[in-house]
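**Student:** Kindly return the folded structure for what I paste below:
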Amino acid sequence: MQLDKAALFEDLGYEPHAGQLAVHRSTARFRVVACGVRWGKTTAAAMEAIAAALEPKESAIGWVVAPTYDLADRVFREVEVIVLERLRHRLVQKKEAERRILLRNMAGGVSEIRAKSADNPVSLLGEGLDFVVVDEAARLKPAIWQNHISQRLIDKRGWALLISTPKGKGYFFDLYRRG
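**Tutor:** Got it, this is the predicted structure:
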């Protein structure tokens with residue numbers, strides 16, 4: 001059984017525009033979204049994280065990572081608001097100090113969404129991840145993605161959604177062009 005994202009989004013009152021819809025419909029393991037301000041990257045990323053956390057499975061772990069906690073909190077707070085307003089019945093636990101939300105997924109298992117900052121790369125070590133959302137990905141040092149974040153996805157064959165406003169050429173530009 002797989003989660004019907006379109007039905008979930010409708011239940012949550014979310015109507016993605018054509019660009020967001022393309023992101024949501026993509027089955028690519030790594031999705032790279034480079035667009036300007038006010039496009040709706042944060043909302044689309046939050047919805048993807050929620051959908052991933054609700055997927056029917058025993059458990060899932062996902063991170064929202066950004067160069068700083070302030071930036072990671074943008075997507076994470078959006079997730080938090082949606083959960084508290086529309087999915088409170090699925091909320092198992094909210095740990096404010098740890099920037100962590102635990103949700104009951106569609107199989108009855110528990111999934112976790114956590115906000116992380118890339119300013120201390122050591123904090124990005126350890127766990128295997130089912131998914132990761134990287135906000136302002138163009139502002140991360142390439143080594144953070146290559147040596148810390150992408151490595152967390154290997155053992156579980158997890159997926160990544162990298163969102164950012166463009167910032168010249170670099171690893172994010174290269175990933176975008178590869179797509």
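**Student:** Next, work out how far apart the residue most central in space within the chain and K41 are.
**Tutor:** Centroid-nearest residue in the chain: V133, 2.9 Å away (criterion: C-alpha atoms, centre = their mean). Look at V133 and K41: by C-beta to C-beta, to the nearest Å, they are 10 Å apart. Where you see a C-beta, it was placed from the backbone N, CA and C, and this is true even at glycine.
**Student:** and if you look at D155?
**Tutor:** 28 Å.
**Student:** When these two are compared, which one has more neighbours?
**Tutor:** When neighbours are counted by other C-beta atoms under 10 Å, K41 comes out ahead of the other of D155 and K41, with 25 against 10.
**Student:** I'd guessed that one sits against I163; true?
**Tutor:** Yes: the pair K41 and I163 passes the contact test of C-beta atoms under 8 Å, sitting 4.2 Å apart.
**Student:** Overlap of the contact sets of those two?
**Tutor:** Shared contacts of K41 and I163, defined by C-beta atoms under 8 Å, 6 or more residues apart in numbering, are found at 33, 135.
**Student:** Next, the contact list for W63, please.
**Tutor:** Applying C-beta under 8 Å, 6+ apart, the residues near W63 are 113-116, 129, 131-133, 149, 152.
**Student:** low-scoring pLDDT stretches of the protein, where are they?
**Tutor:** 179 (pLDDT under 70).
**Student:** The residue nearest to the centre of the chain in helix, strand or coil?
**Tutor:** Here V133 is strand, with the state taken from DSSP: H, G, I helix; E, B strand; the rest coil.
**Student:** burial measure for I163, as a count.
**Tutor:** Neighbour count of I163, defined by other C-beta under 10 Å: 26.
**Student:** now Q151
**Tutor:** 14.
**Student:** Please spell out which residues along the longest helix along the chain are buried.
**Tutor:** Selection of the longest helix in the chain by residue count, based on DSSP state H, yields helix 69-86. Within helix 69-86, the residues that count as buried by 16 or more other C-beta atoms under 10 Å are 71-76, 78-80, 82-83.
**Student:** How much space separates A137 from F172?
**Tutor:** 5 Å.
**Student:** quick one on the thing from earlier: mind checking which of the contacts of W63 are in helices?
**Tutor:** Among these, DSSP H puts none in helices.
**Student:** show me the residues around D11 that make contact.
**Tutor:** Taking C-beta under 8 Å, 6+ apart, one finds R86 in contact with D11.
**Student:** Please enumerate the helices of this structure.
**Tutor:** Under DSSP H, the chain gives helices at 5-11, 18-25, 41-54, 69-86, 142-143, 171-178.
**Student:** ok, the contacts of W63 vs Q20, which is closest?
**Tutor:** V133 (13.8 Å; C-beta to C-beta).
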